[in-house]
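In: Provided below for reference: sequence and predicted model.
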Amino acid sequence: MSKVKVIMGVDSITWPLNGMGRYALELAKRLPGSDGIEELLFFANGRFVSEKVLAAISQGGTANAAMFGWRLFSAIKRGLRQSNAAAWVHTEILPAIVKRRLRNFSEFLYHSPSYLLPDHGGPAVTTIHDLSIFKFPQWHPEYRVKRLNAAIGKTLDVASHVITDTEEVRREVLDYFALPEEMVTAVPLGVGDSFYPRRDAELALALETFGLKPGEYSLCVASIEPRKNIDRLVGAYANLPVSLQRKYPLVLVGDYGWNSEDIHRLIADCEQRGWLKYLKHVSDSYLPLLYSGCRAFVYPSLYEGFGLPLLEAMACGVPVLTSDCSCMPEVAGDAGMLVDPYDILSVAKGIERILTDDSWRMSAVERGFARAGSMTWDNTVRNTLAVYRKVWDEK
């Protein structure tokens, strides 16, 4: 079996990591040395990147000059993307520069883990995580919508294959872009080794940092933005009996997202009432502990490409509530409690049950363990390599 020479785009690995960044980082950490890889190069921001810099990123490093330069360039790029003129430069000028820098690498397979592909003259794979920016543009800033819509056609023109995170998104991609069935493969994401159940004694000291106690709060981990449906989640919690609100306050963990001013005002109001706590961004070292310590994980998002927090919560031994739409039923399987995310009363009834129905909770935890155990990053890498080999053999 011939081995594959790969260039992997790692532009999306910026801190704090979002779902796309986590996916790219886990591939970047596990692909080196994998059976079937002859050579692996990393490319970001128009240049090749050393494994040393990526190793520093994976550890959250900031001290060395290379890391500082990476962060500074990424921050400048994020700022520039917010203007229409810069979006034009990003879609028209930068691809030409990148194409020139990759002109001698057409014998490599190029994989972009974040939608957009350069035209490097060789086989290419893109990962399209979801179609929210195309199907629901109202959930995204205008500059982002314009940039992706302007560039996606060129990406599909040069793509040899498309990877999605779920079968649900695979079907959406096939329908929306009218692609042939054999061109799109679903490769599920995985859960990291740090996500596993902890004993209350281990949790108590860490949770005390946030003013929390094991088993005495509900948790939602999501960026604060319209697609995550935080406003309806908070509205549902407001409809719970006061005794449940006081016994199990709602804890929100997530960065400030786009168009979230009204949601933050609602959050601040409910914090004053005493049954909501907003922790903003939490470090990777604390996040598994927050999962393990919660009574229930609640995630009634309106649309996802996968929904990694669901898998992370199940791996930590926590019952999960999520939406009955998009890919959430596929990811949660038979372990999740499904609710209508557009119906506040449906969400409220689900939350009340997941907090109080001990029989359901115990069985859900066991099913969640089984579900999370079948989805690992090693499996993600193995299935991604299978796509590489397919494309390589057909080139």
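Out: Looks like it came in fine.

In: how far away is the residue lying closest to S112 once chain neighbours are set aside from A386?
Out: Excluding the flanking residues, the one nearest S112 by Cβ to Cβ, 6 or more residues apart in numbering is G9, at 4.4 Å. To be clear about C-beta, it is placed using only N, CA and C from the backbone, and glycine gets the same treatment. Distance, G9 to A386, by Cβ to Cβ, to the nearest Å: 20 Å.

In: Over to L338?
Out: Between L338 and A386 the distance is 31 Å, computed by Cβ to Cβ.

In: quick one: which of these two has more around it?
Out: A direct count of neighbours by other Cβ atoms under 10 Å for L338 and A386 places L338 higher, at 17 against 13.

In: Describe which strands the helix or strand containing the more buried one pairs with in its sheet and in which direction.
Out: Taking DSSP states H and E as the criterion, L338 maps to strand 336-339. According to DSSP bridges, strand 336-339 has the following sheet partners: strand 320-323 (parallel).

In: if I look at the residue nearest to L102 when sequence neighbours are not counted, how far off is V49?
Out: Nearest residue to L102, sequence neighbours excluded (Cβ to Cβ, 6+ apart): H120, at 3.8 Å. H120 sits 16 Å away from V49 when distances are taken as Cβ to Cβ.

In: related to what we said a few turns ago, who does the residue nearest to S112 bridge with?
Out: F43.

In: just to revisit the earlier point, and for the strand holding L338, what's in contact with it?
Out: Residues outside strand 336-339 that contact it (Cβ atoms under 8 Å, 6 or more residues apart in numbering) are 300, 310, 319-324, 328-329, 332, 346-347, 349-350, 353-354, 360, 364, 368.

In: now that strand, how far from the chain's geometric center?
Out: 20 Å (Cα atoms, centre = their mean, to the nearest Å).

In: hey, where'd the helices end up in the stretch 251-395 of the chain?
Out: Under the criterion DSSP state H, counting those that start in this stretch, helices of the stretch 251-395 of the chain are mapped to 261-273, 287-293, 308-315, 328-332, 344-356, 358-373, 377-394.

In: State the mean pLDDT of the second one.
Out: Right, the one you point to is helix 287-293. Helix 287-293 comes out with an average pLDDT of 97.

In: List the buried residues of it.
Out: By neighbour count on 16 or more other Cβ atoms under 10 Å, the buried set for helix 287-293 is L287, P288, L289, L290, Y291, S292, G293.

In: Could you let me know which of the residues you listed ends up closest to V234?
Out: V234 has its nearest neighbour among the buried residues of helix 287-293 in L290, at 18.2 Å by Cβ to Cβ.

In: Show the contacting residues for the closest one.
Out: Taking Cβ under 8 Å, 6+ apart as the test, what L290 contacts is L207, F210, L212, L219, V221, V251, V253, L279, V282.

In: which two from those end up farthest apart in space?
Out: For the contacts of L290, the farthest-apart pair by Cβ to Cβ is L207 and V221; their separation is 14.9 Å.

In: neighbours around I97, how many?
Out: Burial measure for I97: 12 neighbouring residues, criterion other Cβ under 10 Å.

In: so it is in which element?
Out: Judged by DSSP H and E, I97 forms part of helix 94-101.

In: For L41, pull up the helix or strand it's in.
Out: Short version, using DSSP H and E: L41 is in strand 37-44.

In: Next, the angle helix 94-101 makes with that strand.
Out: In terms of direction (axes from the mean of the first three to the mean of the last three Cα atoms, to 10 degrees), strand 37-44 departs from helix 94-101 by 140 degrees.

In: buried stuff in strand 37-44?
Out: Going by neighbour count (16+ other Cβ under 10 Å), the buried part of strand 37-44 is I37, L40, L41, F42, F43, A44.

In: Spit out the contact partners of the third one.
Out: Right, L41. With Cβ under 8 Å, 6+ apart, L41 has these contacts: V6, I7, M8, F48, F105, F108.

In: In JSON lines, list these along with secondary structure.
Out: Shown next, in JSON lines, are these (DSSP: H, G, I helix; E, B strand; the rest coil):
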{"residue": "V6", "secondary structure": "strand"}
{"residue": "I7", "secondary structure": "strand"}
{"residue": "M8", "secondary structure": "strand"}
{"residue": "F48", "secondary structure": "strand"}
{"residue": "F105", "secondary structure": "coil"}
{"residue": "F108", "secondary structure": "coil"}
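
In: Check the spacing between H281 and P300 real quick.
Out: Distance from H281 to P300, by Cβ to Cβ: 21 Å.

In: Give me the more crowded residue out of the two.
Out: The neighbour count for H281 versus P300, taken as other Cβ under 10 Å, is higher for P300 (29 against 12).

In: thought that one was touching S323?
Out: Yes: under the criterion of Cβ atoms under 8 Å, P300 makes contact with S323 at 5.1 Å.

In: what residues are shared contacts of the two?
Out: Common neighbours of P300 and S323, using Cβ under 8 Å, 6+ apart, are N229, V339, P341.

In: Between the buried residues of helix 287-293, which sits nearest S114?
Out: Nearest to S114 among the buried residues of helix 287-293, counting by Cβ to Cβ, is L287 at 21.8 Å.

In: can you pull the contacts of the closest residue to G235 other than its chain neighbours?
Out: Spatially, and ignoring its direct neighbours in sequence, G235 is nearest to I344 (4.7 Å; Cβ to Cβ, 6+ apart). Contact analysis of I344 by Cβ under 8 Å, 6+ apart lists R232, G235, A236, N239.
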